[in-house]
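**Q** Give me coordinates for this.
(chains A and B)
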Amino acid sequence: MTTLSLQGVGIGWRRELALFIDRLPTPGFVEVLAEHLPDSGAVPEPLMRLRERGVPVVLHAVSLGLGSAEPPDSRRLAWLARQAERVGAVCVSEHLAFVRAGGLESGHLLPLPRSEEALDVLAENVLRAQAALPVPLALENVASLFEWPDAAFSEAELLAGVLARTSASLLLDVANLHAHVLNHATDADAVLACMPRERLAYVHVAGGVQRDGLYHDTHAHPVPSGPLALLEQLSARLGPVPVMLERDDRFPAPAELASELSAMEAALRRGVSRWHAESHG
Amino acid sequence: MTARERLAQAQAELVKALGVGAPVPSGFDTARVLAASESLLHKRRRGVERAWPSLAAALGTDFRARFEPWARAHPMSVEPDSLAEGRRFAASLQEEGRLPPSMSGVLMDFDARWRLTSAGERVRRRGFWLVVRRGVTTRRFRVALRLPGGRVLR
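**A** Here you go, the predicted model:
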């Protein structure tokens, strides 16, 4: 249950952004997608250069399906452990979601039913994954367009339940939380309030788009003000938190990306000065 | 039924509704699940467009109209892989006689580098590998040769 050593403002490493990231003076950390790394052979060179510069690397996975009815596949866990070692990851992150069922891959992170039964299965799967991984595991809240019927508890209680049943930490995605607020009227304050600093690994910020009355977390559009406001609120409660930008498609010009990173820094600064003023001044 | 079995059944019903248009399980907001299904299809299409830019360019506005019904009829049974998906999609276009002629060289390059298993997984070829094709209209033979190390000569 140790706090990870991540700090500052980081970014999700993508091939298309390699040059931009290479030129950043001091990225706080980078996050690499496990499924995008080649299974064998050399780790991409720009990534190795970042490691040599001392930039911490987090390994992010999307294919374990920790919320699946089936326990995580041991080959998949072994593969993820190997990838973590290859890139020298300080932590592995995965989602509170399922991705496959009945022999079909959904190609997406699907939300879980919020029931005691599903939470028990999830917690058991998380424990198995933790046992197989060489580094700490962080779990991420997901965005969705729909919810399961008959929820027995709230999104905040789901996150609190995972924290209570496992020793994993949380990767709070404030863009996914923003999507939850808009699509399901989720109480964002309750989610932020359930987050102890020592269990928060880091924070995701990403862009999305509102279409036909629903918020789509696309990682392909500019970051709206909502996630930044949530980041400010979170850091006003907890003080400085490590945060990173995710961009996966329709990559913008470097100046636009740089201004999104500055906007995240500014939101953090505002939050941290409120935190100082309110309880630590 | 155990908790895992109940969950497996519920999750399978939902994934079928999302992936192949099976009925939306009861209790769910149907319009929302359909919106999610559309967005999954969009994500799949976007992945193949990015992995196969030459195919996307050659088909132009036809890409979407051809890809979406194909994708609905061919749900993903192995881990999502846009390169493999694009290859299977190209094969179905070829069977229908709708593959743009400009794609034949690109497909030969791909086939010299990769093979798809019967389950649909993409596996890297090793050593020498020769691909020989005969042009449909030109009737001329063309070859692509993979060399040890991965370079492909055409």
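**Q** Show me what the longest helix seen in chain B is packed against.
**A** In chain B, taking DSSP state H as the definition, the longest helix is helix B:30-51. Packing partners of helix B:30-51 (3 or more Cβ pairs under 8 Å, 6 or more residues apart in numbering or on different chains; DSSP states H and E): strand A:104-110, strand A:214-216, helix B:3-20, helix B:53-59, helix B:62-73, helix B:82-95. (Glycine included, C-beta is placed from N, CA and C.)
**Q** Report the buried residues of the strand or helix carrying A:Ala255.
**A** Using DSSP states H and E, A:Ala255 falls within helix A:254-275. Residues of helix A:254-275 classed as buried: A:257, A:260-261, A:263-264, A:267-268, A:270-272, A:274-275 (neighbour count, 16 or more other Cβ atoms under 10 Å in any protein chain shown).
**Q** Closest to chain B out of those residues?
**A** Distance to chain B, by Cβ to the nearest Cβ, is smallest for A:Leu257 among the buried residues of helix A:254-275, at 18.4 Å.
**Q** Tell me where the stretch 1-150 of chain A has helices.
**A** Using DSSP state H, counting those that start in this stretch, the helices found in the stretch 1-150 of chain A span residues A:18-22, A:45-52, A:74-87, A:116-132.
**Q** gap between the nearest residue to B:Arg134 once chain neighbours are set aside and chain A?
**A** Nearest non-adjacent residue to B:Arg134, counting by Cβ to Cβ, 6 or more residues apart in numbering or on different chains: B:Phe141, 5.4 Å away. In this view, B:Phe141 and chain A are 33 Å apart by Cβ to the nearest Cβ, to the nearest Å.
**Q** Burial check on the closest residue to B:Ala58 other than its chain neighbours, number of neighbours?
**A** In this structure, B:Ala58 finds its nearest non-sequential neighbour in B:Pro100, 3.7 Å apart by Cβ to Cβ, 6+ apart. Neighbourhood size, B:Pro100 [other Cβ atoms under 10 Å in any protein chain shown]: 16.
**Q** what residues are up against B:Pro100?
**A** B:55, B:58-59 (Cβ atoms under 8 Å, 6 or more residues apart in numbering or on different chains).
**Q** Per-residue pLDDT of residue 42, please?
**A** Here I'm looking at chain A. We have a pLDDT of 85 for A:Ala42.
**Q** Let me rephrase: I mean chain B.
**A** 94.
**Q** One more: the one 3 residues further on?
**A** On pLDDT, B:Arg45 comes in at 96.
**Q** Check whether it really touches B:Ala71, as I assumed.
**A** Yes. Between B:Arg45 and B:Ala71 a contact is recorded at 6.9 Å, counting by Cβ atoms under 8 Å.
**Q** Excluding residues flanking it in the chain, which one is nearest A:His180?
**A** Closest to A:His180 by Cβ to Cβ, 6+ apart is A:Thr186, at 3.9 Å.
**Q** burial measure for the one you found, as a count.
**A** Neighbour tally, A:Thr186, other Cβ under 10 Å: 19.
**Q** Name the SS class of it, please.
**A** Under DSSP: H, G, I helix; E, B strand; the rest coil, the three-state class of A:Thr186 is coil.
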